[in-house]
Every structure is written in structure tokens, then in C-alpha cells.
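# Make a model of this:
(one chain, ligands or ions: 1)
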Amino acid sequence: MTRTAIVTGAARGIGAATARRLAADGHAVAVVDLLEDQAAATAASIEADGGRAIAVGADVSDADAVASAVARVADELGAPTILVNNAGILRDNLLFKMSESDWDAVLNVHLRGAFLMSRAVQAHQVEAGWGRIVNLSSTSALGNRGQANYAAAKAGMQGFTKTLAIELGRYGVTANAVAPGFIETDMTRATAERVGVPFEDFLAAAAREIPVGRAGQPEDIAAAVSFFASEEAGFVSGQVLYVAGGPRA
Ligand code: NAP
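Model prediction:
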């Protein structure tokens, strides 16, 4: 069945691969990112492949922007019943050097963003009596040096997910989290730059630590999201799936 899906942070990386995958699964997709211009390339690639997509500019941590983005999606594509909370940022630093703005920025995008988007979209899901929410967590939820803010946000995503599963289950809505390990995107490229290691070396070092012997690709995560978003996953809710090439990182 064709549904309307919203993927946040879908201009690039995991979000873009997920938007393309959900479109290939037959859904109309709203590609949401900070700037509509940046989301436009993902939407255009979906349309070029015969899918249906629109680009929507919105900061997921801004309640007014979220309300208008969700209203626009409902108008132009139909009531959104699949939501992927993927938008994310890093502001890594050791605790003693971490500023309040680094803490707030990360918590705002990941947690406040997922809260605002889910609150807006659940109205459509409850009305439809069907919905799928997939939240992006991370192996960093288990703790990671230099990421006190990000680890707290990504662990928070798991508690948020389980609570949505409990509250929304009776309306036919499931909520699950995908927790990626090391995925080759601009986010990990930026981390390599920050620590002063060429990206190729950074990837090779990561691959040596990963049981399947390679870094993940955005499509590896998109496939897991696609399962949680599917019709047949209706009895799977409140789960966290680590997609990391091994048991955790
Ligand atoms: P990415 O390449 O940096 O893409 C993230 C996207 O989110 C960017 O397009 C970014 O827009 C957008 N974004 C940031 N703040 C936003 C906001 N306030 N509102 C709307 N969009 C916003 O990251 P990625 O590697 O694909 O990661 C996607 C998700 O997976 C994130 O939640 C991340 O934490 C998680 N994850 C990634 C990895 C990994 O190894 N890559 C591992 C575990 C979890 P701008 O470009 O304009 O900033």
C-alpha cells in the first residue's frame, strides 16, 4: 500500500538513502532538511527514478517550522503516516571542554526535533489508525569518548521510542529505533577531519574493528528502516536494532 513518508535530514547521508529506499518501496516521500534547496536534489533523484517526492525546508527543532512542514506535506502528498526522525548533528568535545551551546544544539536537533516531529505526525497516524515511527539512535548511546551530548541524545532516542510504542500502539502505530554503527557519510568524514586523519585511513581503521570487515553504507541503514516501516512489521514495536556489522560498534 502506498503511504506518505517524512524523512528528516534527508538532503544527504543516511536520510537521503532512506528517502530513496522508502520511495522505491512505493511511498510518496517528503524530503525534509534545514534548507529546501539542499533537500531538492534528493527529491529530484526520487522523481527521476519514477517516484513521488517533495522537498521541504524546516529546522526540526523549531515548533512553528515543524507545524508548517507537516501541514504542507499533508496538503501536497497526503496525510503522513510514516516518520523517520533522522536529522542530526555532532558537536563533539571532551566533557571539560564542552560548551553549553554544544550540549543544547545536539539535544535540540535529535531529541526536541524527534519530539516535535512525532507530536505533529501522530495526529495524522492516529486518525488513519496506522503509522510507523523510526528513530535514528546510534551505537554511541552505549557511551563514546568525546560525545557526552550525542550519547545522551541517542540513548534518549531509545527511551523516547519505547514510550511512543507504549502510548501509540493502540492506534496501530509502531515506534522503533535503528542504531547505526560506523556509516560512511559526511558526518563521519567531518569526524575524521576533526581528528586530523585522512578519511580513507579513518575508514580502514574502523573496518578493522568491525566484525564484518567494512564500514556501513547509508543503504545498510535504509534497509533496516524500510523493514520497520513496512506493513508486515506491525507486531514489532519499541525495539532497538543495532546495525553495526557486529553486536555493537
Ligand atoms: P549527515 O550526513 O550529517 O546528514 C544529516 C542531515 O541532517 C544533514 O542534511 C543536515 O543538514 C540535517 N540536519 C541537521 N540539523 C537539522 C535540523 N535542525 N533540521 C533538519 N535537518 C537537519 O548525517 P548522517 O551520517 O547521514 O546521519 C544521519 C542520522 O544517523 C543522524 O541522526 C546521526 O546521528 C545518525 N547516525 C549516523 C552514524 C554515522 O556513522 N554516520 C552513526 C550512528 C548514527 P545540514 O547539512 O544543513 O546540516
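
# Tell me the gap between the strand ranked longest in the chain and the middle of its chain.
Counting residues, the longest strand found in the chain (DSSP state E) is strand 173-180. From the chain centre to the centre of strand 173-180 is a distance of 9 Å (Cα atoms, centre = their mean, to the nearest Å).

# got it, and stretch 54-63?
Here stretch 54-63 shows a centroid-to-chain-centroid distance of 14 Å under the convention Cα atoms, centre = their mean.

# got a list of contacts for it?
8-9, 30-37, 39-40, 42-43, 65-66, 68-69, 72-73, 76-77, 85, 87, 108-109, 112-114, 116-117 (Cβ atoms under 8 Å, 6 or more residues apart in numbering). Where you see a C-beta, it was placed from the backbone N, CA and C, and this is true even at glycine.

# in this structure, what residue sits furthest out from the centroid?
Here the chain reaches farthest from its C-alpha mean at Phe96, the gap being 28.7 Å by Cα atoms, centre = their mean.

# So what's the residue count around Asp64?
Asp64: 10 surrounding residues under other Cβ atoms under 10 Å.

# Unless I misread the structure, Val212 falls within a helix.
No. Counting by DSSP: H, G, I helix; E, B strand; the rest coil, Val212 is not part of a helix but coil.

# For it, which non-adjacent residue is spatially closest?
Leaving aside its sequence neighbours, Val212 sits nearest to Gly245 (Cβ to Cβ, 6 or more residues apart in numbering; 4.0 Å).

# cool, and Gly169?
That would be Ser237: by Cβ to Cβ, 6+ apart, it lies 5.8 Å from Gly169.

# Can you classify the one you found as helix, strand or coil?
Three-state call for Ser237 (three-state DSSP): coil.

# Give the burial count for it, as a bare number.
By other Cβ under 10 Å, 20 other residues sit near Ser237.

# can you map out the strands along the protein?
Using DSSP E, strands in the chain cover 4-8, 28-33, 53-57, 80-85, 131-136, 173-180, 240-243.

# For the ones you listed, give me CSV that also has distance to the ligand, mean neighbour count and mean pLDDT.
Below are the strands of the chain laid out as CSV (distance: least, Cβ to the nearest ligand atom, whole Å; neighbours: other Cβ atoms under 10 Å; pLDDT from 0 to 100):
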stretch, distance to the ligand, mean neighbour count, mean pLDDT
strand 4-8, 5, 30, 99
strand 28-33, 5, 30, 99
strand 53-57, 8, 23, 98
strand 80-85, 8, 28, 99
strand 131-136, 4, 27, 99
strand 173-180, 4, 26, 99
strand 240-243, 9, 18, 98
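
# of all those strands, which lies closest to Pro218?
Nearest to Pro218, of all the strands of the chain, is strand 173-180, at 9.1 Å by Cβ to Cβ.

# Good, wrapping up.
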